[in-house]
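# Provided below for reference: sequence and predicted model.
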Amino acid sequence: MPQLPTRLVEIVCDESGAEGEHLVGGETTVFSHSSIQLTSDEAARILAEVRERIGTPITTEYKSSRLMRNREVVTWLLNEDGPIHGVARVYLLDKAYFLLVLLVDVLMGESTYFTDLPGWPSATALRQARLLQAEGPRVLGDERWSTFGDAANRLLRARWRRDTGDPSEPMFTLLEQDRPNGLLGALRGRRERADAYRTWRDAQGVLATIDPLIPAVARTIQQWSDDGAAVAILHDETSALTPGRTALLRSQLRLSELRRIDSGTDDRIQVADFLAGIARRIAEHALRGVADPELAELLRPYVDPGSLWADEPSWSVLTSAG
């Protein structure tokens, strides 16, 4: 019997909160990645409605930051009777927590992040990162915990100035000074593991990255292919999705095609930008403990339950699941 062709799902995607491998101390604390199944005609109608509701010329290209200043448009877009309900999803990632998951994966686990995206992160890495997130501020204090985060980010990221010294040094110097117990104490004994990681990273070049866009795209492909479909992605222009990284995603997941498109030339990407930016801002407010209950409730149907998030109070607000 001839094999039936695989069903193909085409989605458009965009992200918000992108700062590359800069995971802490930047302008944003949350990374969001939206994916929508949308035709060009449907997107054009959505943009026309947005412009009519805001009252600006048809030639204006909108960004989500402007939409957030118009609550009526945001509620219309997200409402269950709105134009993207049931055909859109958003993946949320707490950047500081992502950094800790990476850190324990590299120093304490099996370092599967760079080799097995579909299977990452392990339950052990998630548990240890949650413990570290709770333990760190209590043991080190808020200021030194912030210093620890900066040092961990420097250790894990690819780009660093060689004239600033060994990227492993700041984190292990801090741990030697404080000599904490618990998981922080266990990390203190992993200097050799850190040095081996840095040697490996330097040899990999740009193929390896801790840019959150890569696990976000991987999770997006998993979601849209969970019924066996192949996925074609039209993504807003980004330098992170290099040919090498795209090939890695294709080798591990049901990715048929990934094309990068300028948002100014495709209405669908602009709609994806709306959702990604709106979701990030709603999530950041929830993470800071100043959630907007109405907007958080409207966002809930879109939030990926597999998002990388550890803070239980804000997650409950965003998903109604403690």
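All right, it came through fine.
# I'd guessed Lys95 sits against Thr28; true?
Yes: here Lys95 reaches Thr28: they are 7.3 Å apart, a contact under CB atoms under 8 Å. For glycine as for every other residue, the C-beta is placed from the backbone atoms N, C-alpha and C.
# these two: which is more packed in?
Lys95 (22 against 16; other CB atoms under 10 Å).
# check the secondary structure at Phe31 for me.
Following DSSP: H, G, I helix; E, B strand; the rest coil, the label given to Phe31 is strand.
# helix/strand/coil for Ala240?
Per three-state DSSP, Ala240 ends up coil.
# for Arg127, same thing?
helix.
# that one: how many residues sit nearby?
12.
# ok, now Ser65?
Ser65: 12 neighbours (other CB under 10 Å).
# is it true that it touches Gly277?
Yes: assessed by CB under 8 Å, Ser65 is found in contact with Gly277 at 6.2 Å.
# now do the strands in the stretch 1-150 of the chain.
8-16, 30-36, 88-94 (DSSP state E, counting those that start in this stretch).
# quickly note the distance from the closest residue to Arg53 other than its chain neighbours to Glu42.
Among residues not flanking Arg53 along the chain, Val73 sits closest, at 5.2 Å (CB to CB, 6 or more residues apart in numbering). Distance of Val73 to Glu42, computed by CB to CB, to the nearest Å: 17 Å.
# next, the buried residues of stretch 257-266.
Leu258, Ile261, Ser263, Asp266 (16 or more other CB atoms under 10 Å).
# need the contact partners of that stretch.
Residues from elsewhere that reach stretch 257-266 (CB atoms under 8 Å, 6 or more residues apart in numbering): 12, 14, 40, 43, 61, 217, 232-238, 241, 246, 249-250, 269-270, 273.
# next up, identify which helix or strand the residue lying closest to Leu38 once chain neighbours are set aside is on.
Leaving aside its chain neighbours, Leu38 sits nearest to Arg268 (5.1 Å; criterion: CB to CB, 6+ apart). Using DSSP states H and E, Arg268 falls within helix 267-287.
# that helix: what's the following helix or strand?
helix 293-299.
# following that following helix, which helix or strand comes up?
helix 312-319.
# that next one to strand 30-36, inter-axis angle?
20 degrees (axes from the mean of the first three to the mean of the last three CA atoms, to 10 degrees).
# which strands and helices lie in contact with helix 312-319?
helix 267-287, helix 293-299 (3 or more CB pairs under 8 Å, 6 or more residues apart in numbering; DSSP states H and E).
# so Ser111 touches Tyr197, yeah?
Yes: between Ser111 and Tyr197 there is a contact under CB under 8 Å: 7.2 Å.
# mind listing what the residue nearest to Leu38 touches?
Contacts of Arg268 (CB under 8 Å, 6+ apart): Val12, Ile36, Leu38, Thr39, Ser40, Ala43, Leu234.
# measure it to Ala18 for me?
19 Å.
# and Gly55, by the same measure?
Taking CB to CB, one finds Gly55 at 30 Å from Ala18.
# and these two? Which one has more around it.
Remark: of Gly55 and Ala18, Ala18 carries more neighbours, 22 against 7, as counted by other CB under 10 Å.
# can you select the buried ones among the contacts of stretch 257-266 for me in ChimeraX?
To isolate the buried members of those in ChimeraX, using 16+ other CB under 10 Å:
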select :12,14,43,217,232,233,234,235,236,238,241,246,249,269,270,273
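# what residue ranges in the stretch 51-200 of the chain score low on pLDDT?
56-64, 159-164 (pLDDT under 70).
# helices of that one, residue ranges please.
Assigned by DSSP state H, counting those that start in this stretch, the helices in the stretch 51-200 of the chain fall at 64-67, 71-78, 95-107, 123-140, 142-156, 169-178, 182-188, 191-204.
# just those helices: most buried one?
A comparison of these by mean neighbour count, using mean count of other CB atoms under 10 Å, puts helix 95-107 on top with a mean of 24.
# and that one with helix 142-156, angle?
Going by the same axes, to 10 degrees, helix 95-107 makes 50 degrees with helix 142-156.
# returning to what we had before: got a markdown table for the helices of the stretch 51-200 of the chain, with distance to Glu312 too?
Formatted as a markdown table, these follow (distance: least, CB to CB, whole Å):
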| stretch | distance to Glu312 |
| --- | --- |
| helix 64-67 | 27 |
| helix 71-78 | 23 |
| helix 95-107 | 12 |
| helix 123-140 | 9 |
| helix 142-156 | 19 |
| helix 169-178 | 27 |
| helix 182-188 | 19 |
| helix 191-204 | 30 |
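# nearest to Arg7, out of the ones you listed?
helix 71-78 (27.8 Å; CB to CB).
# output the contacting helices and strands for that closest one.
Packed on helix 71-78, when contacts are counted by 3+ CB pairs under 8 Å, 6+ apart, are helix 40-54, helix 64-67, helix 267-287, helix 293-299.
# quick one: which of those helices is nearest Gly165?
helix 267-287 (32.7 Å).
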